[in-house]
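# A structural model of the following input is requested.
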Amino acid sequence: MTGMGCQVPVTIHWPEGQTSTALPGQDWLEAAAAAGLAIPTGCLGGSCGACEIDVNGETQRACIAQVPTSPSGPLTVAWATDPYW
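Numbering: from 1, shown residues only. Coordinates of the predicted model:
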């Protein structure tokens, strides 16, 4: 988590009801692990789709995406229901 400076933590609401915080720019897999969750992975390069999550309704591949800033409030994560693999 180097290079994140004085960024304001973002609140994340996870599918099983957990709530945690993460810094913008933090890896999604790391943010999930800190909340006690494991996001399934496959290739860890973004091509297989095993790690897809929906963040505020937008599908992202957690292995290559990072927690965004959220000026509009908490982020809500849902497990993707139709991964490509």
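# check what pLDDT the most centrally placed residue in the chain gets.
In the chain, the centroid-proximal residue (C-alpha atoms, centre = their mean) is Trp28; its distance is 3.4 Å. What the model reports for Trp28 is a pLDDT of 97.
# and the gap between it and Trp79?
Distance, Trp28 to Trp79, by C-beta to C-beta, to the nearest Å: 12 Å. Heads up, the C-betas are built off the backbone N, CA and C, glycines and all.
# the residue nearest to the centre of the chain contacts Gln60, doesn't it?
Yes. The pair Trp28 / Gln60 is scored as a contact, 7.1 Å apart, by C-beta atoms under 8 Å.
# joint contacts of these two?
Here Trp28 and Gln60 have Ile53 as joint contacts, going by C-beta atoms under 8 Å, 6 or more residues apart in numbering.
# at which residues are the strands of the protein located?
Per DSSP state E, the chain carries strands over the ranges 10-13, 19-22, 52-55, 58-61, 75-79.
# let's have those in JSON lines, adding mean neighbour count, distance to Pro68 and mean pLDDT.
Shown next, in JSON lines, are the strands of the chain (neighbours: other C-beta atoms under 10 Å; distance: least, C-beta to C-beta, whole Å; pLDDT from 0 to 100):
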{"stretch": "strand 10-13", "mean neighbour count": "18", "distance to Pro68": "8", "mean pLDDT": "97"}
{"stretch": "strand 19-22", "mean neighbour count": "16", "distance to Pro68": "10", "mean pLDDT": "97"}
{"stretch": "strand 52-55", "mean neighbour count": "19", "distance to Pro68": "8", "mean pLDDT": "96"}
{"stretch": "strand 58-61", "mean neighbour count": "17", "distance to Pro68": "9", "mean pLDDT": "95"}
{"stretch": "strand 75-79", "mean neighbour count": "17", "distance to Pro68": "7", "mean pLDDT": "96"}
